[in-house]
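Asker: output the structure for:
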Amino acid sequence: MSNIDFEFDKLHEECGVFGIYSHKDEVALNTYWGLYALQHRGQESTGIVVSDGNDMQIRKGMGLVPEVFKDGVGDMIGHIAIGHVRYSTTGASMPYNVQPLKVYFDGGNLALSHNGNLVNAAELRTKLTRDGVVFQTTVDTEVVLSLIARSRKEKIEDRVSEAVNQIKGAFALLIMDDNKLIAVRDSFGFRPLCLGRLDNGWVVSSESCSLDLVGAEFVRDVKPGEMLIIEDSEKEPTSIMWAEEMPAKSAHCIFEYVYFARTDSVIDNQSVYQARINMGRELAKETKDINPDIVISVPDSGTAAAVGYSLEAGIPFLEGLTKNRYIGRTFIQPTQKQRQNAVRLKLNAVKSVVEGKSVVMVDDSIVRGTTSGKIVKLLKDAGAREVHVCISSPPVTDPCYYGIDTSVRKELIASTHTEEEVREYIGADTLHYISLDGLKRSIDKMDPEGMCYACFNAAYPDDAEAVIRQGSKYIFEGKK
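Answerer: Predicted structure coming up:
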């Protein structure tokens with residue numbers, strides 16, 4: 001049992017990446033802090049690799065950033081570093097799959113960190129294996145390393161360009177050899193990646209919140225289909241549009257704004273916090289027939305949307321649920337008798353706030369429905385007169401193939417049940433999901449048509465589902 005099923009009943013992004021190039025800053029220490037800021041993107045494992053121009057040092061392991069680096073990073077000296085925090089979607093959660101991955105090839109040392117998911121990885125891996133390539137991990141990321149290493153191109157950036165033109169799916173890649181840091185974003189822009197400026201160097205990261213922590217100034221987002229080559233602390237990175245064929249429009253992941261990213265991040269020009277405030281406002285507009293006494297959130301991911309609901313509806317926002325932020329990743333198993341109340345390890349209702357009240361409870365999503373039902377029961381046990389559940393995303397009906405851990409369709413409750421059946425299952429007095437149009441209106445600084453909504457409507461931008469069916473992700477685990 002890990003964080004009980006409170007965490008199990010959420011969507012999970014795969015990873016966060018962070019890289020730095022500087023001859024004057026402590027690159028390993030800054031990467032450590034950068035990964036700390038990205039810890040929400042993955043809690044299974046972490047790693048850092050550093051280059052001094054001749055040698056690479058790598059340290060990685062299972063666990064959170066402070067657990068893996070409890071002895072510090074002071075002995076990791078160099079001028080380039082990349083780091084990674086991971087939540088696994090392809091490849092088991094095992095030590096041999098921890099990133100960054102590091103190899104030695106004919107061009108010297110090579111290391112890579114990846115956020116995303118390659119939909120044609122099984123097909124490529126099968127082909128490479130038949131050509132005699134030996135793999136040491138079960139992650140799709142190693143396929144990219146193999147393609148780079150096998151390239152006959154002379155420059156590392158040309159090798160990378162050749163490799164990424166063969167892969168399909170979502171990827172934000174950080175690659176380093178002994179002398180260069182390279183950042184690559186897929187042509188749809190599924191996963192986020194941004195560039196920051198230090199006084200004496202450059203930073204690339206999954207989210208802008210990590211730039212703030214290391215004292216870097218946000219410069220811009222890496223464009224879909226762009227590669228940045230950083231080989232000098234002072235000169236601007238070289239920009240190359242690597243994609244041989246660009247799609248008609250981008251497909252940024254909508255769930256970055258709904259749930260994944262930190263609220264203090266700005267991704268592709270859009271403030272995450274403002275997007276969530278807007279989602280709450282749209283929910284309030286769509287539920288004018290509800291007349292609650294208070295608005296509460298399921299902390300922390302539902303809080304900004306709940307504030308937006310409160311502002312739009314003119315109804316007080318109060319903390320009706322308290323979150324225990326000191327739960328570790330593992331703990332003593334509750335007995336069968338205690339297990340029904342195990343959700344209280346993570347959340348508990350504030351009786352003085354909800355007792356006798358009609359409550360709007362705002363959350364970001366319902367995946368399997370198990371936790372939502374337990375939270376509604378907590379509120380009713382604490383004396384809430386009515387519980388109206390409002391969700392700041394449409395029903396999640398379809399799996400994601402771009403680096404988000406969604407179940408097969410049959411495990412997604414909205415895929416197999418009507419909205420009324422879901423309401424009955426979770427025990428709410430009413431249930432309302434934000435409409436897709438309402439969600440689109442919430443994205444006010446971007447083109448809402450340049451987003452990926454496949455988890456709501458199966459409109460996969462690159463026909464990922466058909467590609468996935470040609471191979472199997474189980475090839476990575478040696479299963480049929």
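
Asker: now do the buried residues in the biggest strand by length in the chain.
Answerer: Ranked by residue count and defined by DSSP state E, the top strand of the chain is strand 108-118. Buried positions in strand 108-118, judged by neighbour count with 16 or more other Cβ atoms under 10 Å: 109-118. (C-beta placed from N, C-alpha, C; glycine too.)

Asker: give me the next element, helix or strand, following it.
Answerer: Per DSSP states H and E, the first helix or strand lying C-terminal to strand 108-118 is helix 121-130.

Asker: elements contacting that next one?
Answerer: Applying 3 or more Cβ pairs under 8 Å, 6 or more residues apart in numbering; DSSP states H and E, one finds that helix 121-130 makes contact with helix 141-150, helix 464-470.

Asker: compute the inter-axis angle for it and strand 108-118.
Answerer: Relative orientation of helix 121-130 versus strand 108-118 (axes from the mean of the first three to the mean of the last three Cα atoms, to 10 degrees): 140 degrees.

Asker: please state the offset of helix 121-130 from the chain centre?
Answerer: Remark: helix 121-130 is offset 26 Å from the chain centroid, using Cα atoms, centre = their mean, to the nearest Å.

Asker: repeat for stretch 378-397
Answerer: Per Cα atoms, centre = their mean, the centroid offset for stretch 378-397 relative to its chain is 25 Å.

Asker: quick check, A414 in a helix?
Answerer: Yes: counting by DSSP: H, G, I helix; E, B strand; the rest coil, A414 is found in a helix.

Asker: what's around the closest residue to D177 other than its chain neighbours, how many residues?
Answerer: Once flanking residues are discounted, D177 sits nearest to I156: 5.0 Å by Cβ to Cβ, 6 or more residues apart in numbering. Neighbour count of I156, defined by other Cβ atoms under 10 Å: 23.

Asker: also I240?
Answerer: The number of residues packed near I240 is 17, by other Cβ under 10 Å.

Asker: how much space between the residue lying farthest from the centre of the chain and H114?
Answerer: What lies farthest from the middle of the chain is G356; by Cα atoms, centre = their mean that is 38.0 Å. In this view, G356 and H114 are 51 Å apart by Cβ to Cβ, to the nearest Å.

Asker: in the stretch 101-250 of the chain, which spans are helices?
Answerer: Using DSSP state H, counting those that start in this stretch, the helices of the stretch 101-250 of the chain run over 121-130, 141-150, 156-164, 209-214.

Asker: name the residues of the third one that are buried.
Answerer: Neighbour-count burial for helix 156-164 flags 156-157, 159-164 (criterion: 16+ other Cβ under 10 Å).

Asker: check stretch 237-248 too.
Answerer: For stretch 237-248, burial by neighbour count (16+ other Cβ under 10 Å) applies to 237, 240, 242-243, 247.

Asker: can you check stretch 20-27 too?
Answerer: 20-22, 25-27.

Asker: measure that stretch end to end?
Answerer: Length of stretch 20-27, first residue to last, Cα to Cα, to the nearest Å: 6 Å.

Asker: what does that stretch contact?
Answerer: The contact list for stretch 20-27 (Cβ atoms under 8 Å, 6 or more residues apart in numbering) reads 30-31, 34, 50, 78-82, 181, 198-204, 214, 230-231, 233.

Asker: re earlier: for the helices of the stretch 101-250 of the chain, give me a markdown table that also has mean pLDDT.
Answerer: Below are these laid out as a markdown table (pLDDT from 0 to 100):
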| stretch | mean pLDDT |
| --- | --- |
| helix 121-130 | 86 |
| helix 141-150 | 90 |
| helix 156-164 | 96 |
| helix 209-214 | 96 |
